[in-house]
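Student: sequence and predicted model, in that order:
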Protein chains: 2
Amino acid sequence: MTRRAAAGMFPATVPPAIRREGSMKTYLDCIPCFFKQAIQACTMLELDKDHSKQILDRVALALPSFPLAATPPEMGQLIHKIIRQETGNPDPYKELKHRSNEIAFTLYPALKQKVKTAQDPLLKAVELAIAGNIIDYGAQSDLDLQNELDKIIALEEQRIDREDSRLFNYSGFIDSLKKARTILYLADNAGEIVFDKILIEEIITIYPDKEIHVAVRGGPIINDCTLEDAGQCGLDKTTHCISNGSDSPGTLVHLCSGEFQALYNKSDLIISKGQGNFESLVDEKKNIFYLFMVKCRVLSADLHCELRDIVLKKGA
Amino acid sequence: MTRRAAAGMFPATVPPAIRREGSMKTYLDCIPCFFKQAIQACTMLELDKDHSKQILDRVALALPSFPLAATPPEMGQLIHKIIRQETGNPDPYKELKHRSNEIAFTLYPALKQKVKTAQDPLLKAVELAIAGNIIDYGAQSDLDLQNELDKIIALEEQRIDREDSRLFNYSGFIDSLKKARTILYLADNAGEIVFDKILIEEIITIYPDKEIHVAVRGGPIINDCTLEDAGQCGLDKTTHCISNGSDSPGTLVHLCSGEFQALYNKSDLIISKGQGNFESLVDEKKNIFYLFMVKCRVLSADLHCELRDIVLKKGA
């Protein structure tokens, strides 16, 4: 079958559940970035130029159906669906996720030690968990990833403005932790979940009476964490893990499973990791703390902070 | 008429004359940049978000018809055609071009003096003409433009590697000038043509026996120079000016007028200003010298130089 014919079989329509109403959630400046993301994926997957162009064409054809009232992760979901269809590979990042988990897990003892010996172990676990959000599927080799992880663990390159409660609301987070009975932790990337595991274990140590659930993606999407990755890192031994039932690179609650929605509604505190979860949940009226590294200039401008800043932000 | 209806009247098809065969001339990384350029134009024209999104949608719908064998200026031509249609304005940059010419022209006496007193007046005129290529339609105010021009005239911020003949082939340029009987000078932007006028006057002073023609765009396209701009700066008093008969932001010879093509074929030396002319002519088998400032990372990577480098490059 020619690629063109394959493309014809999968018209690049936007999923019917996409949100079309409400305030603008995607900036115009996100649009060039959608194409950059697709190119980055094509490069990572070593697709040739013509095949890559065909993928970009399908992304382009989908753009008019994508309203600015939808969120960037909704477009991300669509872009990577096109890539899975075009490559015929249901999980193009599988091997990369596996390696990320494996390499990050070698750091587990050092991370535990770092947290244990810190003046404020919970604060250190929080900072490391957010720093772990930088793990980038763009890393070219295991060595790159190892170097990146070494920097993360040293918290060398991350700017944390601990004085600005708007961007790093640690006292509010502690208050919420103390009061919460049920906590839902929304994971983000493979590899990064080793850092999440450390934070969750620290929370369990300090607050052993909390009911803690971790939600991961419901299907392969970029390098985002699924139940398979949670299993590989033993996160399912630490606490209860569920699939959110959706393969968006964010958390679009209305598209998630009933099981996830029930847990989401029941939880007193949501700990949301990563920019994709932030972008998709930002208008939710829930007690959410967003832990992420700022990865794009659109968001750093919106939050009045710097690129790569570490953010611990209370939701609306 | 609603905007949607207006868009329907002008389907965003690629001009039939677009080149579809040959080696890749547009890089995948140019594609996000096409959308950036459209956003930059929408911002400059103060279009609202919805109208801007509609323009981006039309650019997106045109992308599948745009092969990588075509050149970036061909896509630029299409993008700005869409913008002219969507705004109902046949020359959205008219006022900006007028002001650029006006402000740049106030520098004319200082530029003349700078060239006259230089150790090598022709070299100084060449360097200033290339530095003038930075004039950016993104300048937010007359003051910005004035500041930019002050920097250009001081040659403060431009990196010129005079030792690298691959990127700055001044001796080759002089040789070609000496030998040429007919010279065709391809202008680029409004404002910048004041700098071109200085260079052309210097060439005429040194080589009074040459036949020199200047070609400008055949219709309004971004801030590119047309006959109106040439007239405003008195370039038509300096030497013979013609329209190239095309409104591409480059020189697509096959789309230019017969008059232009005849002059192009007859000329012994083509002096090509700006990145758009370079991108559209790069494979031509003519004696061409490209004078431009490197304005994008795709090109700086291709040429193994830095962004904003000043280039005087001999054609293939």
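Tutor: Arrived safely.
Student: hmm, A:Val59 and A:Phe35 touching each other?
Tutor: Yes: counting by C-beta atoms under 8 Å, A:Phe35 touches A:Val59, with 6.4 Å between them. In this view, the C-beta of every residue, glycine as well, is placed from N, C-alpha and C.
Student: chain B contacts on chain A?
Tutor: A:24, A:28-29, A:31-33, A:35-36, A:39, A:42, A:49-50, A:52-53, A:56-57, A:60-61, A:63-64, A:67-68 (C-beta under 8 Å from any C-beta of the partner chain).
Student: how about 7 Å then?
Tutor: Applying C-beta under 7 Å from any C-beta of the partner chain, we find that chain A lies next to chain B at A:24, A:28-29, A:31-32, A:35-36, A:39, A:49, A:52-53, A:56-57, A:60-61, A:63-64, A:68.
Student: just those residues: which are in helices?
Tutor: Under the assignment DSSP state H, the residues of chain A next to chain B contribute A:Ile31, A:Pro32, A:Phe35, A:Lys36, A:Ile39, A:Lys49, A:Ser52, A:Lys53, A:Leu56, A:Asp57, A:Ala60, A:Leu61 to helices.
Student: drop anything exposed from the residues of chain A next to chain B.
Tutor: For these, a burial check counting by 16 or more other C-beta atoms under 10 Å in any protein chain shown picks out A:28, A:31-32, A:35-36, A:39, A:52-53, A:56-57, A:60-61, A:63-64, A:68.
Student: going by distance to A:Glu201, which of those residues wins?
Tutor: A:Lys36 (36.1 Å; C-beta to C-beta).
Student: hmm, the closest one is touching B:Cys33, no?
Tutor: No: A:Lys36 lies out of contact with B:Cys33 (C-beta atoms under 7 Å); the separation is 9.5 Å.
Student: I'd say A:Ile183 and A:Asp209 touch.
Tutor: No: if you go by C-beta under 7 Å, A:Ile183 and A:Asp209 don't touch, sitting 11.1 Å apart.
Student: the more surrounded of these two?
Tutor: Using other C-beta atoms under 10 Å in any protein chain shown, the more surrounded residue of A:Ile183 and A:Asp209 is A:Ile183, with 22 against 6.
Student: and the more buried one, how far is that from B:Gln146?
Tutor: For A:Ile183, the distance to B:Gln146 equals 58 Å [C-beta to C-beta, to the nearest Å].
Student: per-residue confidence for A:Ser141?
Tutor: pLDDT, A:Ser141: 70.
Student: residue in the stretch 151-300 of chain A nearest to chain B?
Tutor: Closest to chain B within the stretch 151-300 of chain A is A:Val298: 11.5 Å, counting by C-beta to the nearest C-beta.
Student: so that residue touches A:Cys30, yeah?
Tutor: Yes: between A:Val298 and A:Cys30 there is a contact under C-beta under 7 Å: 6.0 Å.
Student: the two - which one has more neighbours?
Tutor: Taking neighbours as other C-beta under 10 Å, A:Val298 and A:Cys30 compare with A:Cys30 leading, 20 against 17.
Student: quick check: closest non-adjacent residue to the more buried one.
Tutor: A:Pro72 (5.2 Å; C-beta to C-beta, 6 or more residues apart in numbering or on different chains).
Student: so A:Lys236 sits in a strand?
Tutor: Slight slip there: residue A:236 is Asp, not Lys. No: under DSSP: H, G, I helix; E, B strand; the rest coil, A:Asp236 falls outside any strand and is assigned helix.
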